[in-house]
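K.L.:
pasting the sequence and the predicted coordinates here, then a few questions.
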Amino acid sequence: MSAYQREVEIAQHAVTSAAVLCQNVRQGDDFAALAKSDNSPVTVADFGSQAIVCRAIRQAFPDDLIIAEENADALRSDDQAELRGRVVAEVQRVLPGADETQTLAWIDAGVSRDAAPRVWTLDPIDGTKGFLRGGQYAVALGLLINGQVEVAALACPALDDDGAIFWAVRGAGAFQHTPEGDKAIAVTPTANSAEAALCESVESGHSDHDQSAQIAKTLEIARPSVRMDSQAKYAAVARGDADIYLRLPTRAGYEEKIWDHAAGYLVITEAGGKVTDIEGKPLDFSLGSTLKNNRGVVATNGKLHDTVIAAIVAAS
Ligand SMILES: Nc1ncnc2c1ncn2[C@@H]1O[C@H](COP(=O)(O)OS(=O)(=O)O)[C@@H](OP(=O)(O)O)[C@H]1O
Ligand SMILES: [Mg+2]
Ligand SMILES: [Mg+2]
Ligand SMILES: [Mg+2]
């Protein structure tokens, strides 16, 4: 039996069920969002997805901790009874018999924030803004053992015609799930930056678009950059749709969250690519909920990595 076989099965199944919930919500006529304290949106589907995935982990691995983006505080308040009811109803469509108390407890299973020898990290919907505007989004789950990402499952429900599921195990490769079975994925062999395709966030608040344009110019990249929401960007580089993913810090002090990167990081790394911060330092997932020792993220097919880092250094 290969390492982490059970974790991979549970993780894949969990993100797949959560993706069904998200698509159910998106196909409905009303998926209004609530604004969180940082003004970012959270929807019925973010809460529902977190409930589904955390339940699956709790059942299979009761002693594991979970660092997930959302919590149920807002849902427990009296004036959010309607939203709470809709979250429970969506969870019941996927898990008949689930009740309100269970649903809220499953969401709150993800409130860990500290590093631990064995801890999962979950973004129930990465790219909530993309989810709301009909763009890309992802359900991203990673397992950290002693601060190293060992297992990843990444569902991109809006990629391709029917969505796409990716998974990876450290040292064992990265794969895309298909009806014919799991297919190994690999980054591009592009070594000439002028031929590269670059992807970046849609929101200029999440990555500095002006600076990436400058770097693209230095690298003589001819094609316009592809703006895509969520960790679908990591999947795009991992399977060779793009060569470079740039996430350039926009304001001093923002600490990237581990759930925004853990799954995508392992999928690209195991597909033969490289992921570091903008200075070329390895991402440090051992510090709790944020990448506080890193600034920004650069992901490439590996061959282009040093050239891209040099262009960033030159531009800053
Ligand atoms: N200032 C700042 N800098 C960098 N990143 C930030 C910032 N603010 C928010 N976030 C996080 O960005 C996550 C979405 O990233 P994306 O690459 O999908 O952005 S975009 O939708 O393509 O614009 C988004 O994840 P979700 O909340 O899961 O959507 C946030 O965790
Ligand atoms: Mg996110
Ligand atoms: Mg999210
Ligand atoms: Mg969010």
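P.N.:
Perfect, I can see it now. Residues are numbered from 1 along each chain as shown. Ligands and ions are numbered 1, 2, ... in the order given.
K.L.:
shaky segments in the protein?
P.N.:
In the predicted model of the chain, residues 1, 252 satisfy pLDDT under 70.
K.L.:
recalculate using a threshold of 50.
P.N.:
Low-confidence segments of the chain (pLDDT under 50): 1.
K.L.:
can you tell me which residues contact the residue in the chain positioned nearest to ligand 2?
P.N.:
For the chain and ligand 2, the shortest gap (C-beta to the ion) falls at residue 126, measuring 3.6 Å. (C-beta placed from N, C-alpha, C; glycine too.) When contacts are counted by C-beta atoms under 8 Å, 6 or more residues apart in numbering, residue 126 touches 137-140, 230-231, 259-260.
K.L.:
which residues touch the residue of the stretch 201-316 of the chain found nearest ligand 1?
P.N.:
Distances between the stretch 201-316 of the chain and ligand 1 by C-beta to the nearest ligand atom are smallest at residue 203, namely 3.0 Å. Contact analysis of residue 203 by C-beta under 8 Å, 6+ apart lists 129, 229.
K.L.:
in what helix or strand does it lie?
P.N.:
Under the criterion DSSP states H and E, no helix or strand holds residue 203.
K.L.:
roughly how far does it sit from residue 41?
P.N.:
Look at residue 203 and residue 41: by C-beta to C-beta, to the nearest Å, they are 12 Å apart.
K.L.:
can you turn the buried part of the contacts of residue 126 into a PyMOL selection?
P.N.:
Command for PyMOL that selects the buried part of the contacts of residue 126, burial taken from 16 or more other C-beta atoms under 10 Å:
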select buried, resi 137+138+139+140+230+231+259+260
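K.L.:
nearest to residue 271 among the contacts of residue 126?
P.N.:
Residue 271 has its nearest neighbour among those in residue 231, at 13.4 Å by C-beta to C-beta.
K.L.:
now that closest one: how far from residue 142?
P.N.:
10 Å.
K.L.:
what of residue 191?
P.N.:
Residue 191 is 29 Å from residue 142, where distance means C-beta to C-beta.
K.L.:
could you do residue 25 as well?
P.N.:
23 Å.
K.L.:
the more surrounded of these two?
P.N.:
Taking other C-beta atoms under 10 Å, residue 25 and residue 142 do not tie; residue 142 has more neighbours (28 against 23).
K.L.:
do a quick rundown of the helices in the stretch 51-200 of the chain.
P.N.:
Along the stretch 51-200 of the chain, the stretches classed as helices by DSSP state H, counting those that start in this stretch are 73-76, 81-94, 100-108, 128-133.
K.L.:
of the contacts of residue 126, which ones also sit close to ligand 2?
P.N.:
residue 260 (C-beta under 5 Å from the ion).
K.L.:
the contacts of residue 126 also near ligand 1: which ones?
P.N.:
With the criterion set as C-beta under 6 Å from any ligand atom, the members of the contacts of residue 126 near ligand 1 are 230, 260.
K.L.:
out of the contacts of residue 126, the closest to residue 108 would be?
P.N.:
After measuring the contacts of residue 126 against residue 108 - C-beta to C-beta - the closest member comes out as residue 259, at 15.7 Å.
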